[in-house]
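Engineer: requesting a structural model of the entry that follows:
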Amino acid sequence: QVQLVESGGGLVQPGGSLRLSCAASGFTFSSYAMSWYRQAPGKERELVARITYIGGSTNYADSVKGRFTISRDNAKNTVYLQMNSLKPEDTAVYYCMFRTFRSSDYWGQGIQVTVSS
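Structural biologist: As a prediction, the model looks like this:
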């Protein structure tokens with residue numbers, strides 16, 4: 001059974017940092033690219049960052065470039081999102097996901113990140 005479990009969210013002041021983790025199980029984690037998405041209230045879910053299966057290539061939304069870093073540890077079946085210089089507009093529910101070779105998408109349950117003073 002595929003499981004993606006996010007952790008590390010919470011409330012942080014503007015300019016602060018958080019590191020999200022997504023622990024994966026039930027599939028061969030090292031074979032798949034992994035992504036982080038987010039969804040703010042009243043907005044569509046958007047791609048934040050993506051990392052290839054061995055971590056050799058990453059992509060970021062323009063809004064987070066230079067502030068967020070995606071990484072993975074295939075030995076721990078975990079993908080991370082280091083978020084620095086957080087802004088109020090980063091407030092959202094953050095999800096990790098992956099797409100199988102047959103184009104089925106699996107999502108975590110999501111975790112709240114709130115940036116506020």
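Engineer: what pLDDT is listed against the most centrally placed residue in the chain?
Structural biologist: Centroid check for the chain by Cα atoms, centre = their mean gives residue 36 as the closest residue, at 2.8 Å. As predicted, residue 36 sits at a pLDDT of 98.
Engineer: what of residue 7?
Structural biologist: With respect to pLDDT, residue 7 has a value of 97.
Engineer: now it, nearest residue through space, not along the chain?
Structural biologist: residue 21 (5.0 Å; Cβ to Cβ, 6 or more residues apart in numbering). For every residue, glycine as well, the C-beta is placed using N, CA and C.
Engineer: what of residue 61?
Structural biologist: Using Cβ to Cβ, 6+ apart, the nearest residue to residue 61 is residue 48, at 5.4 Å.
Engineer: and for residue 11?
Structural biologist: Residue 11's closest residue in space is residue 114 (Cβ to Cβ, 6+ apart), at 4.7 Å.
Engineer: contact partners for that neighbour?
Structural biologist: Neighbouring residues of residue 114 by Cβ atoms under 8 Å, 6 or more residues apart in numbering: 10-12, 91.
Engineer: and the gap between it and residue 69?
Structural biologist: 20 Å (Cβ to Cβ, to the nearest Å).
Engineer: cool, and residue 31?
Structural biologist: Distance, residue 31 to residue 69, by Cβ to Cβ: 22 Å.
Engineer: between the two, which has more neighbouring residues?
Structural biologist: Comparing residue 31 with residue 69 by other Cβ atoms under 10 Å, the one with more neighbours is residue 69, at 16 against 12.
Engineer: what's the spacing between the more buried one and residue 44?
Structural biologist: Distance of residue 69 to residue 44, computed by Cβ to Cβ: 24 Å.
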